[in-house]
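Visitor: Dropping the sequence and predicted coords here.
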Amino acid sequence: MTRWERLLRWEEAHRFAIDATGTGILLVLMVVTATDITDGASNAMRSYASPLISIAVVAPLAWRRVRPAASAAAVYTAALLQLAFWTPLVVPADLAVLVALYSVTVHGPRWAHRVAIVGALVGSVLLGLSMYGWFDVPGTVSTAVFTGVLALSVWAFGLVRRSRKETIEALVDRARRLEVERDQQTQIATAAERARIAREMHDIVAHSLTVMIAQADGGRYASGADPSAATRALGTIAETGRAALTDMRRLLGVLRDTADRDVATELPGPGGLGHGGAPGFAPQPAESDIGALVDQVRASGLRASLVRMGEPRNLPPGAGLTVFRIAQEALTNVLKHAGPDPLVTVLVQWLPDAIVLEVTDDGRGASADSDGLGQGLLGMRERTTMFGGTVTAGPRPGGGFRVRAQLPTPGDAASGRTPTDERTPVPHTQDEATR
């Protein structure tokens, strides 16, 4: 901020003190130099009336910006009384009428400056009549025209200043509102990004840890009777941990800058960085990766099968990830809550205008213990809502639990492909059709 801007801001904050000081100085000058401009009054009138009129007309200017309408009314009243009782006495302080007109035009309400200009024009006519009477038409007209044009000029200049002042205030207000809206949008975007990262972290960590815990428990129980089973369990734990770390780095990679990514260390194993130290960020999982997800939970000892129905189509960006995450969360809940040795079926069904994912099991269903947080189901609903879909979760008739999600997909009529009959499940592979 420049020195001039600081001075203007200080002056704006102390308007009454500055106006009162200026008015006091002006009063001293007007009282000391009070003189009858017309030189048509008696010496006694000049001696006593001029200082009093000067004080009455100038003093209200101390409130010209803090109370512009009241200040202008007081100045106009004093000038009108002067016309009524002390004409033809005219003093330099009468110019305060123009100052009051300018001040109320710039700082007062619209009705006030309109009334003020009408009053100034009427006062111009009354001044001409008071000074020259009805019989000196040229003098009356010339005086009225001169003072009226002077008042109109001051009023027009005040309107220009008022317009500029209103424009600046509107721009300042707009800038302030835009700043507030920008901060609000930033907060909303930050909250949305935090929610998205929380969902991703929950899906990655919860699923991976559940699989690793199941494998660790199984390997511990089987280590005595079947050491090879324990070895396989340890291998599955290692692979699951590597995949979880890869997904975690992929998620956190968007929060790093390019320099941070360049110095990332290489993670051995599948899904890690490429050879030679170059960072490799694999694409996000999609609907086509559900088969690998089922294979992973099947390797942990869960009896799981995958059934595909219909002709696969391209999904909008992010929709494939949503389908995968819902399947991942549903299978994680099966590992947590379904009990020992449940039978799980994952159904992926392509409808003409939607994709349906259904994960069912014959476990304990609603009677299973819950951690009380409910973040998984909440994340499912948030993900499907973003794409205009729906998700339902609850116990099945006859036992077990079912999660069903449906997401709309773009129409595929133009491609000429006809979806497979939805009444007949079409297994993707022979292994996936075997329960």
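Guide: Great, that's in hand.
Visitor: Let's see stretch 383-395 as PDB, backbone CA atoms only.
Guide: This file holds the C-alpha atoms of stretch 383-395, laid out as PDB (Å, rounded to 0.1, in the frame of the first residue of the first chain):
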ATOM      1  CA  ARG A 383     -18.800 -43.500  -4.800                       C
ATOM      2  CA  THR A 384     -22.000 -44.600  -6.500                       C
ATOM      3  CA  THR A 385     -23.700 -41.300  -5.900                       C
ATOM      4  CA  MET A 386     -21.000 -39.500  -7.800                       C
ATOM      5  CA  PHE A 387     -21.900 -41.400 -10.900                       C
ATOM      6  CA  GLY A 388     -25.700 -41.400 -10.400                       C
ATOM      7  CA  GLY A 389     -25.900 -45.000  -9.200                       C
ATOM      8  CA  THR A 390     -27.400 -46.800  -6.300                       C
ATOM      9  CA  VAL A 391     -26.100 -49.400  -3.800                       C
ATOM     10  CA  THR A 392     -28.000 -51.600  -1.400                       C
ATOM     11  CA  ALA A 393     -26.600 -53.800   1.300                       C
ATOM     12  CA  GLY A 394     -28.300 -56.100   3.700                       C
ATOM     13  CA  PRO A 395     -29.000 -59.700   4.800                       C
END
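Visitor: Residues contacting it, please?
Guide: 199, 316, 318-319, 322, 325-326, 354, 365-366, 377, 380-381, 401-408 (C-beta atoms under 8 Å, 6 or more residues apart in numbering). Backbone N, C-alpha and C define where each C-beta goes, glycine included.
Visitor: which helices and strands does the helix or strand that contains V118 pack with?
Guide: Here V118 sits within helix 110-132, counting by DSSP states H and E. Applying 3 or more C-beta pairs under 8 Å, 6 or more residues apart in numbering; DSSP states H and E, we find helix 110-132 packed against helix 68-85, helix 96-107, helix 137-222.
Visitor: is it possible to export those to JSON lines including mean neighbour count, distance to L8 and mean pLDDT?
Guide: Below are the helices and strands packed on helix 110-132 laid out as JSON lines (neighbours: other C-beta atoms under 10 Å; distance: least, C-beta to C-beta, whole Å; pLDDT from 0 to 100):
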{"stretch": "helix 68-85", "mean neighbour count": "19", "distance to L8": "19", "mean pLDDT": "86"}
{"stretch": "helix 96-107", "mean neighbour count": "24", "distance to L8": "15", "mean pLDDT": "90"}
{"stretch": "helix 137-222", "mean neighbour count": "14", "distance to L8": "11", "mean pLDDT": "81"}
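Visitor: which parts of stretch 347-355 are buried?
Guide: The neighbour-count check on stretch 347-355 (16 or more other C-beta atoms under 10 Å) flags 347-350, 355 as buried.
Visitor: Average pLDDT for it, rounded please.
Guide: When pLDDT is averaged along stretch 347-355, the result is 91.
Visitor: Can you give me the end-to-end span of that stretch?
Guide: 10 Å (C-alpha to C-alpha, to the nearest Å).
Visitor: Kindly format the C-alpha coordinates of stretch 19-35 as CSV.
Guide: Taking Å, rounded to 0.1, in the frame of the first residue of the first chain, the C-alpha atoms of stretch 19-35 are listed here in CSV:
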residue,chain,number,x,y,z
ASP,A,19,-14.4,18.1,8.4
ALA,A,20,-14.8,19.8,11.8
THR,A,21,-11.3,21.1,11.7
GLY,A,22,-11.7,22.5,8.2
THR,A,23,-15.1,24.0,9.2
GLY,A,24,-13.5,25.7,12.2
ILE,A,25,-10.7,27.2,10.0
LEU,A,26,-13.3,28.4,7.5
LEU,A,27,-15.5,29.9,10.2
VAL,A,28,-12.6,32.0,11.5
LEU,A,29,-11.9,33.3,8.0
MET,A,30,-15.5,34.0,7.2
VAL,A,31,-16.2,35.8,10.5
VAL,A,32,-13.1,37.9,10.3
THR,A,33,-13.6,38.8,6.6
ALA,A,34,-17.5,38.9,6.8
THR,A,35,-18.4,41.6,4.3
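Visitor: Name the SS class of Q349, please.
Guide: The three-state label given to Q349 by DSSP: H, G, I helix; E, B strand; the rest coil is strand.
Visitor: pretty sure Q284 belongs to a helix, no?
Guide: No - according to three-state DSSP, Q284 belongs to no helix; its state is coil.
Visitor: Can you tell me how far it is from L315?
Guide: Separation of Q284 from L315 (C-beta to C-beta, to the nearest Å): 12 Å.
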